[in-house]
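Chemist: give me the fold of what follows.
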Amino acid sequence: MRFSKDIATLCKEHGLRLTGPRKVIMQVLSESSDHPDAVELHRRVSEISPGVAIATVYRTLALLEDKGVLEKHTFGDGRARFESADQEHHDHFINVETGDVIEFRSDEIERLQEEIARQHGFDIVSHKLEIYVKPAKRNRRRTG
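Modeler: Numbering: from 1, shown residues only. Reported below is the predicted structural model:
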């Protein structure tokens, strides 16, 4: 998850004090290539700064979401996961077997959604597309 600005600038713009624990939490978030939940985030933060309590992680995530820095997703498994809110719009595949989340963007899907909304007399204000997937089974023919 990449933030469009450095951590200090983000905090200053949103009126947040840049405490030591917040700095580590945001550093770990910015280095994450996945959508960590609070427990996983705390595990990663603890490797860098063992004194950071899980309650601090929860409070910081809630604050960053409230300030519009992070976006929260649940992806059907009940765990709140987070990603940067200032990313370009994208959609998600969620692997139901592993829980992995794969981001993707399709201009064709976006165009179709706009077209369908117009056909029904609507303008899209916002949307999230989550597609739950499992690995495809290959049809293999036996030869011989």
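
Chemist: going by C-alpha atoms from here, please, whenever you check contacts or count neighbours.
Modeler: Fine.

Chemist: helix, strand, or coil at residue 102?
Modeler: Of the three states, residue 102 takes strand under DSSP: H, G, I helix; E, B strand; the rest coil.

Chemist: beta partners for the residue nearest to the spatial centre of the chain?
Modeler: Centroid check for the chain by CA atoms, centre = their mean gives residue 83 as the closest residue, at 2.9 Å. Beta bridges link residue 83 to residue 71, judged by DSSP bridges.

Chemist: now for it: which residues touch it?
Modeler: 1, 29, 35, 36, 70, 71, 72 (CA atoms under 8 Å, 6 or more residues apart in numbering).

Chemist: between those residues, which is nearest residue 94?
Modeler: residue 35 (11.0 Å; CA to CA).

Chemist: identify the residues contacting the closest one.
Modeler: Taking CA under 8 Å, 6+ apart, one finds 1, 81, 82, 83, 101 in contact with residue 35.

Chemist: so for the lowest-mean-pLDDT helix or strand in the chain, what gets flagged as buried?
Modeler: The least trusted helix or strand in the chain, going by mean pLDDT, DSSP states H and E, turns out to be helix 7-13, with a mean of 76. Neighbour counts using 16 or more other CA atoms under 10 Å place 7, 10, 11 of helix 7-13 among the buried residues.

Chemist: and whichever helix or strand comes after it, which residues are buried?
Modeler: Next helix or strand after helix 7-13 toward the C-terminus (DSSP states H and E): helix 20-31. Neighbour counts over helix 20-31 (16+ other CA under 10 Å) mark 21, 22, 24, 25, 26, 27, 28, 29, 30 as buried.
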